[in-house]
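Novice: Pasting the sequence and the predicted coordinates here, then a few questions.
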Amino acid sequence: MTDIRLTQYARGGGCSCKIPPGELEAVLAAVPTLGGNAGQELLIGLEHGDDAAAVRIDGDRALISTVDFFAPVVDDPYDFGRIAAANALSDVYAVGGEPLVALNLLGWPRDVLPMELAHEVLRGGLDIAGQAGCAVGGGHSIDDAEPKYGMAVTGLADPASLLRLDGARPGLPLSLSKPLGVGVLNSRHKATGEVFPEAIASMTTLNRDAARAAIKSGARCATDVTGFGLLGHLFKLARASGVTAVVDAAAVPYLAGAREALREGYVSGGTRRNLAWVSPHLEADGIAEEELLLLADAQTSGGLLVAGEVPGAPVIGELVPAGDRALIVR
């Protein structure tokens, strides 16, 4: 079983498998947002594409609900489970919540891949949930043509401390809690089998500490950087908050080997679609396409992008009053 490469059993992998943002928004535009039952209040819904839904259940508690799953982004089944779980839990942290309970979502080609590998995927997810202090209470599985794994996660948050896409304002710095580059490194891994331990370590690191630090610092706007890349998620934030985001390209941190992987052509279709989507809203005079592709690189279990200064996270730009373009890269 150690010779089985999970990434070879799926067309894509990780968050780069997302439906392109432009197509997704066109579909969701026709989907109404429903309010809660009597006594409930939907605090975060579909309006801006936030990372999770939030419903007020009483004066000082909001219930957070999210779901995330994808095909293998790495070959090792245990690491795949850890990455997918950390990515699903991240959506709770990205809106300022703490996860309480998760349910597994597993798709498995049972006639093609040994069930022992599925066990390793689930074990990885359970270990990451344990690190988060989140119970895992079962889930759902199907016989699928491609292996897929993720979690549906429920958490709690203080309604007054929610981190949301429309909470930014001009004058705030932009902080990023993890380096970019896992997208191009994962593409190289899928093509060559080369393993990048630094990328795995980044993808399996919980965004819990970054979210807690953001809330403690008074931040009220954040998102995690996943399949739409830094530029895609930053565009959504700037659009929702009615500001322009200015990125200092030289200040953005990258994983070792990311630039080399890009130069050697390991760029996913999702990354190119991300850049195409934001290009009409982007001013990037003098910035090479290579740099913009890295900024649009489709991440899996990426860091938190926070409107505000977060201890330990580099400042990569700032928010200014809305101008002709929502994004500026310098």
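Specialist: Noted; the coordinates are in hand.
Novice: For this protein, just list every one of the helices.
Specialist: Taking DSSP state H as the criterion, the chain contains helices spanning 21-28, 77-94, 115-131, 182-192, 197-203, 208-216, 229-241, 258-263, 269-278, 289-295.
Novice: what's the spacing between the longest one and its chain's center?
Specialist: Think helix 77-94. Centroid separation between helix 77-94 and its chain, computed with C-alpha atoms, centre = their mean, to the nearest Å, is 9 Å.
Novice: And for the last one?
Specialist: Remark: helix 289-295 is offset 18 Å from the chain centroid, using C-alpha atoms, centre = their mean.
Novice: C-alpha coordinates for that helix, PDB please?
Specialist: Output of helix 289-295 as PDB, limited to C-alpha atoms (Å, rounded to 0.1, in the frame of the first residue of the first chain):
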ATOM      1  CA  GLU A 289       2.800  37.700 -14.400                       C
ATOM      2  CA  GLU A 290       4.900  35.200 -12.400                       C
ATOM      3  CA  GLU A 291       4.400  37.300  -9.300                       C
ATOM      4  CA  LEU A 292       0.700  37.600  -9.900                       C
ATOM      5  CA  LEU A 293       0.300  33.900 -10.400                       C
ATOM      6  CA  LEU A 294       1.900  33.200  -7.000                       C
ATOM      7  CA  LEU A 295      -0.500  35.800  -5.400                       C
END
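Novice: what sits up against it?
Specialist: Helix 289-295 is contacted by residues 180-181, 184, 229-231, 247, 249, 252, 254, 258-259, 262-263, 267, 271-272, 275, 282, 284, 329 when judged by C-beta atoms under 8 Å, 6 or more residues apart in numbering. All C-beta atoms are positioned from the backbone trio N, CA, C, and that covers glycine.
Novice: how about it: buried residues?
Specialist: Using 16 or more other C-beta atoms under 10 Å as the test for burial, helix 289-295 gives 291-295.
Novice: cool, and the fifth one?
Specialist: Within helix 197-203, the residues scored as buried using 16+ other C-beta under 10 Å are 199-200, 202-203.
Novice: Tell me who's in contact with residue 200.
Specialist: Per C-beta under 8 Å, 6+ apart, neighbours of residue 200: 74, 79, 83.
Novice: can you pick the most crowded of those?
Specialist: In terms of neighbour count, residue 83 stands highest of those at 31 neighbours, by other C-beta atoms under 10 Å.
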